[in-house]
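Undergrad: I would like to see how this sequence folds:
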Amino acid sequence: MSMPAHQPRPPAQVPVGASDRADGIVMGHGPVTVDAYLDFMCPYCRMFEQSSGPVLDRLVADGAISLVHHPMGFLDNLSTTRYSTRAAASSGCAADQGRFAEYARALFAEQPPEGGPGLGDDELIEVGRAAGLDEPDFGACVRSGAYLDWTAYVTEAAIERGVSATPTVLVAGTPVPANPQTILMAVRSALA
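TA: This next block holds a predicted model:
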């Protein structure tokens, strides 16, 4: 007899726009769910955002998909300040102001190198200001670490789902290569 898998418990505080399972931020209301598991320190995630971001944005705008971003703290061991977790938590603060996508793009544009400290809280807040976030509220959210527990939950839930690398993309629950052509083909297939 096998034991049921451990199900992580969502934290009490989750960002605005969180998925039903509270393990990501939902963009759009389309019939096909696309899950994107990302880490803001991951250089491959930055390349994924640059190559696939415009396609995903168009699919959301066209009403074809619900895009669920799962910001993970997967690569904390590649910074000296748990940057992955702190950046993911700050993205929850951006979601509270309805600017998750803009902030995520800005974080990837300002991505620090692996192995260093990453961006400090003041720098994360400055990235938010450049992405159009209200500095006092956003800054207070980042400085308080409001979504550090949420990031830990998102990461644990992703691992429980079998995610072992970033970027990982699922279309309608099925893993697909993280490139725009494959994602587009999988979405079209799911819509057919």
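Undergrad: what strands flank the helix or strand where Val68 lies, and is each parallel or antiparallel?
TA: Assessed by DSSP states H and E, Val68 sits inside strand 65-71. In the sheet, strand 65-71 lines up against strand 25-27 (antiparallel), strand 32-38 (parallel) (DSSP bridges).
Undergrad: please work out which of those is packed deepest.
TA: Mean neighbour count (mean count of other CB atoms under 10 Å) peaks for strand 32-38 among these, with a mean of 24. The C-beta positions use only the backbone N, C-alpha and C, and glycine is treated the same way.
Undergrad: the residue nearest in space to the middle of the chain bridge partners, please.
TA: With distances taken as CA atoms, centre = their mean, the residue of the chain nearest its centroid is Pro71 (2.7 Å). Pro71 forms beta bridges with Leu38, as assigned by DSSP bridges.
Undergrad: give me the below-cutoff pLDDT ranges for this structure.
TA: 1-6 (pLDDT under 70).
Undergrad: do that again at 50, thanks
TA: Filtered on pLDDT under 50, the chain yields the residue ranges 1-4.
Undergrad: sorry, back to before: figure out which of the strands paired with strand 65-71 is closest to Leu56.
TA: Ranking the strands paired with strand 65-71 by proximity to Leu56 (CB to CB) places strand 32-38 first, at 6.7 Å.
Undergrad: residues in contact with that closest one: which ones?
TA: With CB atoms under 8 Å, 6 or more residues apart in numbering as the test, strand 32-38 has contacts from 24, 45, 48-49, 56, 59, 64-72, 104, 158, 163, 166-173, 178, 183, 187, 190-191.
Undergrad: tell me who's in contact with Asp134.
TA: Asp134 makes contact with Gln97, according to CB under 8 Å, 6+ apart.
Undergrad: and for Ala61, the neighbour number?
TA: Neighbour count for Ala61, taken as other CB atoms under 10 Å: 12.
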